[in-house]
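Enquirer: structure of the sequence below:
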Amino acid sequence: MKRCKRCKIHKHQDHFKEVNICIDCRREMNLARDRSVVGMIKIIYQSQKTNSIQRSHHLPDYTMEELLVFYNQNDNGLHKRWVESGYDKDLKPSVDRIDSELSYTLDNIEMMTWAENNAKGRTERHKRVMQITRLGEVIGIFDSIKDASVETGIPASTIHYGCNNDKKKTFGQSRFKWKYV
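Expert: Numbers count the residues shown, from 1 in each chain. Got it, this is the predicted structure:
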(Lines give C-alpha, C1' and ligand atoms only; values in the text may rest on other atoms or scores of the structure.)
Protein backbone atom coordinates (compact mmCIF):
# COMPACT_ATOMS: atom_id res chain seq x y z
CA MET A 1 0.00 0.00 0.00
CA LYS A 2 1.11 3.52 -0.77
CA ARG A 3 -0.29 6.89 0.33
CA CYS A 4 -1.17 9.45 -2.35
CA LYS A 5 0.51 12.77 -1.72
CA ARG A 6 -2.53 14.66 -3.02
CA CYS A 7 -5.65 12.87 -1.76
CA LYS A 8 -3.89 11.28 1.23
CA ILE A 9 -5.63 7.93 0.61
CA HIS A 10 -3.72 4.67 0.91
CA LYS A 11 -4.00 2.72 -2.33
CA HIS A 12 -2.48 -0.36 -3.88
CA GLN A 13 0.82 0.12 -5.72
CA ASP A 14 -1.00 -0.44 -9.05
CA HIS A 15 -2.69 2.95 -8.58
CA PHE A 16 0.61 4.79 -8.93
CA LYS A 17 3.02 5.46 -11.77
CA GLU A 18 6.49 6.92 -11.10
CA VAL A 19 5.30 9.67 -8.77
CA ASN A 20 3.67 9.70 -5.35
CA ILE A 21 0.35 10.89 -6.78
CA CYS A 22 -2.25 8.24 -7.60
CA ILE A 23 -3.56 7.76 -11.13
CA ASP A 24 -6.98 9.20 -10.21
CA CYS A 25 -5.47 12.40 -8.78
CA ARG A 26 -3.10 12.71 -11.77
CA ARG A 27 -6.09 12.38 -14.14
CA GLU A 28 -7.97 15.11 -12.22
CA MET A 29 -4.91 17.38 -12.29
CA ASN A 30 -4.44 16.87 -16.04
CA LEU A 31 -8.12 17.53 -16.72
CA ALA A 32 -8.03 20.73 -14.65
CA ARG A 33 -4.91 21.86 -16.53
CA ASP A 34 -6.49 21.11 -19.94
CA ARG A 35 -9.66 22.99 -18.98
CA SER A 36 -7.78 26.11 -17.88
CA VAL A 37 -7.42 28.91 -20.43
CA VAL A 38 -3.68 28.23 -20.86
CA GLY A 39 -4.20 24.47 -21.17
CA MET A 40 -7.05 24.88 -23.63
CA ILE A 41 -5.00 27.27 -25.79
CA LYS A 42 -2.07 24.83 -25.73
CA ILE A 43 -4.34 22.03 -27.02
CA ILE A 44 -5.86 24.33 -29.68
CA TYR A 45 -2.41 25.45 -30.83
CA GLN A 46 -1.13 21.86 -31.12
CA SER A 47 -4.27 20.95 -33.13
CA GLN A 48 -3.70 23.92 -35.44
CA LYS A 49 -0.15 22.76 -36.15
CA THR A 50 -1.29 19.18 -36.82
CA ASN A 51 -4.19 20.32 -39.03
CA SER A 52 -1.92 22.69 -40.96
CA ILE A 53 0.40 19.83 -41.84
CA GLN A 54 -2.51 17.58 -42.85
CA ARG A 55 -3.92 20.33 -45.09
CA SER A 56 -0.50 21.15 -46.57
CA HIS A 57 -0.86 24.69 -45.22
CA HIS A 58 1.83 26.77 -43.58
CA LEU A 59 2.11 26.36 -39.82
CA PRO A 60 0.43 29.11 -37.76
CA ASP A 61 2.37 32.36 -38.13
CA TYR A 62 2.08 33.02 -34.40
CA THR A 63 3.37 31.39 -31.24
CA MET A 64 1.24 29.76 -28.57
CA GLU A 65 1.87 32.80 -26.38
CA GLU A 66 0.63 35.14 -29.13
CA LEU A 67 -2.46 32.96 -29.56
CA LEU A 68 -3.08 33.24 -25.81
CA VAL A 69 -2.90 37.06 -26.02
CA PHE A 70 -5.27 36.98 -29.03
CA TYR A 71 -7.65 34.72 -27.11
CA ASN A 72 -7.63 36.93 -24.03
CA GLN A 73 -8.46 39.96 -26.22
CA ASN A 74 -11.27 38.14 -28.09
CA ASP A 75 -12.70 35.71 -25.51
CA ASN A 76 -16.08 37.47 -25.09
CA GLY A 77 -16.91 35.23 -22.14
CA LEU A 78 -16.60 31.97 -24.10
CA HIS A 79 -14.42 30.22 -21.52
CA LYS A 80 -16.64 31.32 -18.63
CA ARG A 81 -19.79 30.00 -20.38
CA TRP A 82 -18.01 26.70 -21.12
CA VAL A 83 -17.01 26.31 -17.45
CA GLU A 84 -20.50 27.28 -16.22
CA SER A 85 -22.05 24.71 -18.58
CA GLY A 86 -20.10 21.92 -16.90
CA TYR A 87 -17.72 21.77 -19.88
CA ASP A 88 -20.35 21.09 -22.55
CA LYS A 89 -18.42 20.17 -25.70
CA ASP A 90 -20.67 22.38 -27.87
CA LEU A 91 -19.73 25.46 -25.81
CA LYS A 92 -15.98 24.83 -25.75
CA PRO A 93 -14.05 27.80 -27.17
CA SER A 94 -12.68 27.18 -30.63
CA VAL A 95 -10.50 29.10 -33.07
CA ASP A 96 -11.91 29.30 -36.59
CA ARG A 97 -10.14 30.28 -39.79
CA ILE A 98 -12.25 33.03 -41.35
CA ASP A 99 -11.16 31.93 -44.84
CA SER A 100 -10.75 28.15 -44.63
CA GLU A 101 -8.57 28.10 -47.73
CA LEU A 102 -5.88 30.16 -45.96
CA SER A 103 -3.49 29.20 -43.17
CA TYR A 104 -3.79 30.17 -39.51
CA THR A 105 -2.75 33.82 -39.18
CA LEU A 106 -3.85 36.31 -36.55
CA ASP A 107 -5.83 38.24 -39.16
CA ASN A 108 -7.53 35.05 -40.41
CA ILE A 109 -8.83 33.64 -37.12
CA GLU A 110 -11.79 34.35 -34.87
CA MET A 111 -13.14 32.92 -31.63
CA MET A 112 -16.38 30.96 -31.52
CA THR A 113 -17.82 27.90 -29.81
CA TRP A 114 -17.00 24.38 -30.97
CA ALA A 115 -20.61 23.95 -32.14
CA GLU A 116 -20.47 27.14 -34.24
CA ASN A 117 -17.15 26.12 -35.78
CA ASN A 118 -18.41 22.60 -36.48
CA ALA A 119 -21.59 23.91 -38.12
CA LYS A 120 -19.55 26.31 -40.26
CA GLY A 121 -17.29 23.45 -41.34
CA ARG A 122 -20.27 21.28 -42.26
CA THR A 123 -21.76 24.12 -44.30
CA GLU A 124 -18.50 24.60 -46.19
CA ARG A 125 -18.18 20.86 -46.83
CA HIS A 126 -21.61 20.81 -48.44
CA LYS A 127 -20.75 23.00 -51.38
CA ARG A 128 -22.16 21.78 -54.68
CA VAL A 129 -19.56 20.35 -57.06
CA MET A 130 -19.44 19.88 -60.80
CA GLN A 131 -17.76 16.97 -62.63
CA ILE A 132 -16.29 17.98 -65.99
CA THR A 133 -14.48 16.00 -68.70
CA ARG A 134 -11.01 17.09 -69.70
CA LEU A 135 -12.66 18.54 -72.83
CA GLY A 136 -14.86 20.81 -70.69
CA GLU A 137 -18.12 18.85 -70.93
CA VAL A 138 -20.24 18.88 -67.74
CA ILE A 139 -20.99 15.31 -66.70
CA GLY A 140 -22.76 15.90 -63.41
CA ILE A 141 -23.56 18.29 -60.61
CA PHE A 142 -23.68 16.99 -57.04
CA ASP A 143 -24.93 18.53 -53.80
CA SER A 144 -21.65 17.80 -52.02
CA ILE A 145 -18.24 16.19 -52.37
CA LYS A 146 -19.56 13.24 -50.37
CA ASP A 147 -22.50 12.75 -52.74
CA ALA A 148 -20.16 12.97 -55.74
CA SER A 149 -17.84 10.41 -54.18
CA VAL A 150 -20.65 7.96 -53.40
CA GLU A 151 -22.13 8.24 -56.90
CA THR A 152 -18.89 8.12 -58.89
CA GLY A 153 -16.73 5.91 -56.68
CA ILE A 154 -13.99 8.55 -56.80
CA PRO A 155 -12.40 9.24 -53.40
CA ALA A 156 -13.74 12.38 -51.70
CA SER A 157 -10.19 13.60 -51.14
CA THR A 158 -9.50 13.46 -54.89
CA ILE A 159 -12.63 15.51 -55.60
CA HIS A 160 -11.75 17.99 -52.84
CA TYR A 161 -8.22 18.50 -54.15
CA GLY A 162 -9.57 18.73 -57.71
CA CYS A 163 -11.97 21.50 -56.67
CA ASN A 164 -9.06 23.33 -55.08
CA ASN A 165 -6.84 22.84 -58.16
CA ASP A 166 -4.26 20.85 -56.19
CA LYS A 167 -2.87 18.62 -58.93
CA LYS A 168 -0.13 17.24 -56.66
CA LYS A 169 -2.70 15.83 -54.26
CA THR A 170 -4.96 14.21 -56.85
CA PHE A 171 -2.03 11.99 -57.88
CA GLY A 172 -3.51 11.78 -61.38
CA GLN A 173 -6.32 9.64 -59.95
CA SER A 174 -9.10 11.61 -61.55
CA ARG A 175 -9.86 11.51 -65.25
CA PHE A 176 -12.10 14.49 -64.61
CA LYS A 177 -11.91 18.11 -63.56
CA TRP A 178 -13.86 19.19 -60.50
CA LYS A 179 -15.19 22.63 -59.61
CA TYR A 180 -17.30 24.10 -56.86
CA VAL A 181 -20.61 25.36 -58.27
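Enquirer: next helix or strand past whichever helix or strand Asp24 is part of?
Expert: Take DSSP states H and E as the rule and Asp24 turns out to sit in helix 23-35. Scanning forward in sequence from helix 23-35 by DSSP H and E, the next helix or strand is helix 37-54.
Enquirer: the next helix or strand after that next one to helix 37-54, inter-axis angle?
Expert: Next in sequence after helix 37-54, counting helices and strands by DSSP H and E, comes helix 64-74. Angle of helix 64-74 versus helix 37-54, following axes from the mean of the first three to the mean of the last three C-alpha atoms, to 10 degrees, is 120 degrees.
Enquirer: all helices for the protein, in order.
Expert: 23-35, 37-54, 64-74, 78-84, 114-125, 145-152, 156-163, 167-170 (DSSP state H).
Enquirer: just the ones you listed: most buried one?
Expert: Highest mean neighbour count of those: helix 156-163, a mean of 20 (counted as mean count of other C-beta atoms under 10 Å). (C-beta placed from N, C-alpha, C; glycine too.)
Enquirer: tell me what that one is packed against?
Expert: helix 145-152, helix 167-170, strand 177-180 (3 or more C-beta pairs under 8 Å, 6 or more residues apart in numbering; DSSP states H and E).
Enquirer: nearest to Thr63, of those?
Expert: Evaluated with C-beta to C-beta, those place helix 167-170 nearest to Thr63, the distance being 28.7 Å.
Enquirer: quickly list the domain ranges of the protein.
Expert: 2-31, 36-124, 127-180 (automatic domain parsing).
Enquirer: in this structure, which helix or strand is least confident?
Expert: Sorted by mean pLDDT, DSSP states H and E, the helices and strands of the chain end with helix 167-170, the least confident at a mean of 52.
Enquirer: low-confidence ranges in this protein?
Expert: Scanning the chain for pLDDT under 70 picks out 123-126, 166-174.
Enquirer: the residue lying closest to Ile132 once chain neighbours are set aside: how many residues sit nearby?
Expert: Closest residue in space to Ile132, ignoring its immediate chain neighbours: Lys177 at 4.3 Å, by C-beta to C-beta, 6 or more residues apart in numbering. Close neighbours of Lys177, defined as other C-beta atoms under 10 Å, add up to 19.
Enquirer: which residues touch Lys177?
Expert: 131-134, 162 (C-beta atoms under 8 Å, 6 or more residues apart in numbering).
Enquirer: buried only: go through the residues you listed for me.
Expert: Burial by neighbour count, judged by 16 or more other C-beta atoms under 10 Å, picks out 131-132, 162 from the contacts of Lys177.
Enquirer: format the residues you listed as CSV; extra columns: distance to Ile44.
Expert: Shown next, in CSV, are these (distance: C-beta to C-beta, whole Å):
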residue, distance to Ile44
Gln131, 36
Ile132, 38
Gly162, 30
